[in-house]
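In: missing the sequence, but the structure's below:
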């Protein structure tokens, strides 16, 4: 891939909806990816569309929500209209979209509404590669052509200081499991009903007690519980990886990020929602030897979830591109 893969970025569109995006806070991966591909030192971008293997539609759904969405209306028509117009422009000015019906094109969106906005153009939804944080296979995410990307929350654009250097692998962690978060979606209420305040080994909170630090709890826990909310994705998964706290995935229909490359079973634990009432039993049944192996593997994959500036080999930017490259290799163009 590093020697051959070439991406053409369409020049159409004006900031802030295109060629721009958030580089900090919840959906930082949108802006960081666009910025790295357009302005970084990457060898993957080509200015010659005839040499490209794939074509990038550089719009940011998060920016559309900020500038086009009217709060509390739940009206996505302006966002969908923008995407439909963008595809119409590039398909009219260039021959590339029409020769494959968009199959060798891709978009990237971390906002929860990314999948919905992609419905603006039927070919974008059904044929193009969609890089999405909200990778819900029950809502149209197709693992054979779409790419599940990690949701990375960078406060102020930076990795929280406490997560930059986790403690040594052998340092004891006093808590078995930890979760703190708001009640939304169908899974978190089950977790809280069964474990909130019920067991001292299971540090499960809706709201943290005053003066207690969230990341300190992560760094002191063996397992970090990652239940889906209204949407399947959560930055808590990546935060757990940074803290080297084994992620416990509590979800339905969530295609895990970069799972075409990474073996999640080697560094995380996946528990059925129906098994939440016996969650402590499941976790305590994991031997110390297996736990240490999970932790070693977690440290090994940590670099694949880092957003570096500039991008570095094997980091999140390169892993996402690699997954897109794999989809392009498997694509049959008629």
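Out: Good, I have the coordinates. Here the structure is a predicted model, which means the values were calculated and not measured.

In: Got phi/psi on residue 248?
Out: With angles defined as degrees, to the nearest 10, residue 248 sits at phi -110, psi 110.

In: same thing with residue 4?
Out: Per degrees, to the nearest 10, the backbone of residue 4 is at phi -110, psi -40.

In: Need the nearest residue in space to it, chain neighbours excluded.
Out: residue 53 (7.6 Å; Cβ to Cβ, 6 or more residues apart in numbering). C-beta here means a position set from N, CA and C on the backbone, and glycine is covered the same way.

In: Against residue 20, how distant is the closest residue to residue 76 other than its chain neighbours?
Out: Nearest residue to residue 76, sequence neighbours excluded (Cβ to Cβ, 6+ apart): residue 116, at 5.8 Å. Counting by Cβ to Cβ, to the nearest Å, the gap from residue 116 to residue 20 is 21 Å.

In: Same check on residue 118?
Out: 19 Å.

In: Look at those two and report which has more neighbours.
Out: Counted by other Cβ atoms under 10 Å, residue 118 and residue 20 do not tie: residue 118 has more neighbours, with 23 against 20.

In: could you list every residue that touches the residue sitting nearest the centre point of the chain?
Out: Centroid-nearest residue in the chain: residue 150, 2.1 Å away (criterion: Cα atoms, centre = their mean). Residue 150 makes contact with 29, 133, 237-238, 257-258, 305, 316, according to Cβ atoms under 8 Å, 6 or more residues apart in numbering.

In: repeat that with 10 Å
Out: 29, 110, 133, 233, 235, 237-238, 241, 256-258, 304-307, 316, 319-320 (Cβ atoms under 10 Å, 6 or more residues apart in numbering).

In: how about the nearest residue to it, chain neighbours excluded?
Out: Residue 150 sits nearest to residue 257 (Cβ to Cβ, 6+ apart), 4.0 Å away.

In: Likewise for residue 295?
Out: Residue 295 sits nearest to residue 169 (Cβ to Cβ, 6+ apart), 5.7 Å away.

In: Count the residues that sit near the one you found.
Out: 11.

In: Surely it touches residue 298?
Out: Yes - the pair residue 169 / residue 298 is scored as a contact, 9.3 Å apart, by Cβ atoms under 10 Å.

In: tell me the SS of the nearest residue to residue 223 once chain neighbours are set aside?
Out: Nearest non-adjacent residue to residue 223, counting by Cβ to Cβ, 6+ apart: residue 177, 4.4 Å away. Look at residue 177: counting by DSSP: H, G, I helix; E, B strand; the rest coil, its state is strand.

In: Surely residue 177 and residue 198 touch.
Out: No - using Cβ under 10 Å, residue 177 makes no contact with residue 198, being 12.0 Å away.

In: Mutual contacts of the two, please.
Out: Contacts common to residue 177 and residue 198, judged by Cβ under 10 Å, 6+ apart, are 204, 280.
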